[in-house]
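>>> this one's sequence-less:
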């Protein structure tokens, strides 16, 4: 069932989203050659807790940390450890913050030092794929319109778009209905209504769309070993423009 949020629930999600954005900015500012992904995880958790929220991911489905941190060919669900970032790496950070029972969920991919032009392009296209999708997040449109816009844009650059992992509704649960694939047919799926809150998250591969996961389900990697990127925001469907909860002014 898809929930329509009340004004008080929306306000809690605004705060959760803002806290999540602050945590992302703290991690972004800390990224450097030599820092470990475990240290980045600690920074994110500290900011989330200091602002009165809880890390949404900690313990979720058995996940052991507060941030999913995925490097280079790891698309999603990387577990922070003692790996130290190297010059030329790209690192995807996926965070959730729970405030007064409601979640904000967002992801970013950052460069570590100087990266290749191909990697820069991948990060840029992945980010823009989200904004192509959100253009369709309007009252009366359908989920498939968002999916189609994301996939069409990303594939126009020759990139692979995995279909095994999707965006989703978000609210009192981190993962709610509906699923929002990153590719699909326009005019299909659930019709968008005011008060729906979604977390749309393009996950884009430089090469093939194929991925594989470790036996326990974590560390989803590209099948061909090529780079991948991730970009996500939580937003509200309104009577007018969608309202993004997890984006700070200096990111726009």
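Cool, the structure landed. This is a predicted model, so every value here is computed, not measured.

>>> now do the buried residues in stretch 74-93.
Within stretch 74-93, the residues that count as buried by 16 or more other C-beta atoms under 10 Å are 74-80, 83, 85, 89-93. No exception for glycine: its C-beta is placed from N, CA and C like everyone else's.

>>> looking at those, which is nearest residue 20?
residue 93 (10.6 Å; C-beta to C-beta).

>>> quick one: the helices in this structure?
7-30, 37-50, 117-134, 143-155 (DSSP state H).

>>> out of the ones you listed, indicate the one that is most buried.
Of those, the one with the most neighbours on average (mean count of other C-beta atoms under 10 Å) is helix 143-155, at a mean of 24.

>>> now for it, which elements pack on it?
helix 117-134, strand 176-180, strand 197-200 (3 or more C-beta pairs under 8 Å, 6 or more residues apart in numbering; DSSP states H and E).

>>> one step back: mind checking which of the helices of the chain is nearest residue 239?
Of all these, helix 7-30 comes closest under C-beta to C-beta, at 13.1 Å.

>>> what is the mean pLDDT for that closest one?
For helix 7-30, the mean pLDDT works out to 98.

>>> ok, residue 28 - contacts?
When contacts are counted by C-beta atoms under 8 Å, 6 or more residues apart in numbering, residue 28 touches 108, 110.

>>> tell me the pLDDT at the closest residue to residue 82 other than its chain neighbours?
Leaving aside its sequence neighbours, residue 82 sits nearest to residue 36 (C-beta to C-beta, 6 or more residues apart in numbering; 5.3 Å). In this model, residue 36 is scored at 98, pLDDT.

>>> can you put the helices of the chain in CSV and add distance to residue 110?
Converted to CSV, the helices of the chain look like this (distance: least, C-beta to C-beta, whole Å):
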stretch, distance to residue 110
helix 7-30, 6
helix 37-50, 10
helix 117-134, 8
helix 143-155, 19
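
>>> which of those helices sits closest to residue 207?
Short answer: helix 117-134, nearest of the helices of the chain by C-beta to C-beta, at 10.2 Å.

>>> for that closest one, what does the pLDDT average out to?
Here the average pLDDT along helix 117-134 is 98.

>>> tell me how far that helix lies from the chain's centre.
13 Å (C-alpha atoms, centre = their mean, to the nearest Å).

>>> repeat that for stretch 95-108.
Taking mean C-alpha positions (C-alpha atoms, centre = their mean), stretch 95-108 and its chain are 11 Å apart.

>>> do stretch 1-16 as well
With C-alpha atoms, centre = their mean, you get 19 Å for stretch 1-16.

>>> same check on stretch 33-46?
Remark: stretch 33-46 is offset 18 Å from the chain centroid, using C-alpha atoms, centre = their mean.

>>> got a list of contacts for it?
23-24, 26-27, 30-31, 55, 58, 65-67, 69, 71, 78, 80-87, 91, 93, 95, 112-113.

>>> 6 Å instead?
23, 26-27, 30, 55, 65-67, 69, 80-85, 87, 95, 113 (C-beta atoms under 6 Å, 6 or more residues apart in numbering).
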